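Participant: Structure, please.
(one chain, ligands or ions: 1)
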Amino acid sequence: MLQRVQVIDSHTAGEPTRVVIAGGPDLGAGSMSVRRDRFRDEFDGFRSGIVNEPRGSDVLVGAILTEPHEADCRAGVLFFNNVSVLGMCGHATIGLAVTFAHLGWVKPGTFKLDTPVGTVEVQYHGGQSATVANVVSHRFRKCVNVAVPGIGTVTGDIAWGGNWFFLTDAPSDIPLTVGHAERLTSYAKQIRRALDDARITGADGQEIDHVELVGPAHDPNNQGRNFVFCPGGAYDRSPCGTGTSAKLACLAADGKLAPGSVWRQEGILGTVFEGRYEVVDGGIRPFITGDAYVTAEGTLLYDPADPFRQGIRS
Ligand code: PYC
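Facilitator: Numbers count the residues shown, from 1 in each chain. Down below sits the predicted model:
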């Protein structure tokens, strides 16, 4: 019998999200991190079937909704990509807000979401726009050197923005434009491999699975531009919500951006997230504002006889 899974697709500043709204597995009880581990260990085929080819692509980020564990949250959510499960995802949270509004589930106002890395608060502004008050973010280490074969020593900061990031200046000979995405990807991938080889990690030995190349904004109305290399080898089409949070944590730690001041972060397509922060215990609370558009309502069909029903895993 065909299995049916209902999804809504959206994109936030160019980066796609697919939210499962019915037909997903029951992830049982426990905190969102317990459910994340259960999803990762027992339902990896489901994850892959939602986001990977032939139904998706390497770029797609998935989200699955659950009952929240924290009573004050509207829903629990797990984010995932082409290879695994993410901690948080900023662009997808903005996509969720606009999707929830599209479904008539929320009106302009605030609601909370329970994620494996903490509670986030979402302010839906109406129309396409939402602001995410992200999890507490911080810079973990400053000016870390890593020897990258074929490139040389690369220096960067390690920061947490809901995922772990290594932030470093974009190379001077590769423009931060989408036309150079292949070269930027290859550069970031080499850094990622060198970090792994040198066992350079985030706190508690956690893997640094995102590399953020930073440079000056192209538009004088903005303050910076980035290229974010994601764990599964794709690059973020948006300015990356957790990556912008990590950047804000570094700016705050360096005293380069005052609490409440606006940082307009361009991504590689030139789309913008507006960021600001407040100081809290353990770091900063980033606020990330962006726009999302719903692109499809659909039912995915899974034939038990289909050899690729669980997607093509790389
Ligand atoms: O927006 O946080 C984000 C994100 C993480 C990976 C892709 N997008």
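Participant: Contact distance from the ligand - what residues of the stretch 1-150 of the chain qualify?
Facilitator: Proximity of the stretch 1-150 of the chain to the ligand is assessed by Cβ under 6 Å from any ligand atom, with 15, 61, 89-91 identified as the residues in range. Where you see a C-beta, it was placed from the backbone N, CA and C, and this is true even at glycine.
Participant: So which of those residues sit within strands?
Facilitator: Restricting those to those inside strands, with DSSP state E as the criterion, leaves 15, 61.
Participant: which one of the residues of the stretch 1-150 of the chain next to the ligand has the most neighbours?
Facilitator: When neighbours are taken as other Cβ atoms under 10 Å, the top entry among these is His91 (33 neighbours).
Participant: how near is that residue to Gly14?
Facilitator: Here the criterion is Cβ to Cβ, to the nearest Å. By it, His91 lies 9 Å from Gly14.
Participant: Make CSV from the residues of the stretch 1-150 of the chain next to the ligand and add pLDDT to it.
Facilitator: Rendered in CSV, the data for those read as follows (pLDDT from 0 to 100):
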residue, pLDDT
Glu15, 98
Val61, 98
Cys89, 98
Gly90, 98
His91, 98
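Participant: what about Cys73, distance to the ligand?
Facilitator: With distances defined as Cβ to the nearest ligand atom, to the nearest Å, the gap from Cys73 to the ligand amounts to 19 Å.
Participant: His210 too?
Facilitator: Distance of His210 to the ligand, computed by Cβ to the nearest ligand atom: 7 Å.
Participant: measure the nearest residue to that residue once chain neighbours are set aside to the ligand for me?
Facilitator: Setting aside the residues directly before and after it, His210 is nearest to Phe165 in space (Cβ to Cβ, 6 or more residues apart in numbering), at 4.7 Å. Per Cβ to the nearest ligand atom, Phe165 is found 10 Å from the ligand.
Participant: circling back: nearest to Pro286, of the residues of the stretch 1-150 of the chain next to the ligand?
Facilitator: When these are compared for distance to Pro286 (Cβ to Cβ), Gly90 wins out at 8.4 Å.
Participant: which phi and psi does Gly275 have?
Facilitator: Summarising the backbone geometry of Gly275 under the convention degrees, to the nearest 10, its torsions are phi -120, psi 150.
Participant: again, but for Thr153
Facilitator: Per degrees, to the nearest 10, the backbone of Thr153 is at phi -80, psi 130.
Participant: Okay, now the unreliable bits of the stretch 101-250 of the chain?
Facilitator: Residues of the stretch 101-250 of the chain that meet the criterion pLDDT under 70 are absent altogether.
Participant: where along it do the helices fall?
Facilitator: Shown for the stretch 101-250 of the chain, the helices assigned by DSSP state H, counting those that start in this stretch span residues 181-197, 241-253.
Participant: I figured Val214 hits Phe166, correct?
Facilitator: No. With contact defined as Cβ atoms under 8 Å, Val214 does not count as touching Phe166 (10.8 Å).
Participant: Please say which of those two ends up with more neighbours.
Facilitator: When Val214 is set against Phe166 and neighbours are counted by other Cβ under 10 Å, the residue ahead is Phe166, at 27 against 20.
Participant: Quick check: Arg199 vs Glu207, distance?
Facilitator: Counting by Cβ to Cβ - Arg199 and Glu207 are separated by 10 Å.
Participant: Please identify which of these two sits among more neighbours.
Facilitator: Legend: neighbour count by other Cβ under 10 Å for Arg199 and Glu207, higher for Glu207 (15 against 7).
Participant: How about the secondary structure of Thr17?
Facilitator: When the structure is reduced to helix, strand and coil (DSSP: H, G, I helix; E, B strand; the rest coil), Thr17 reads as strand.
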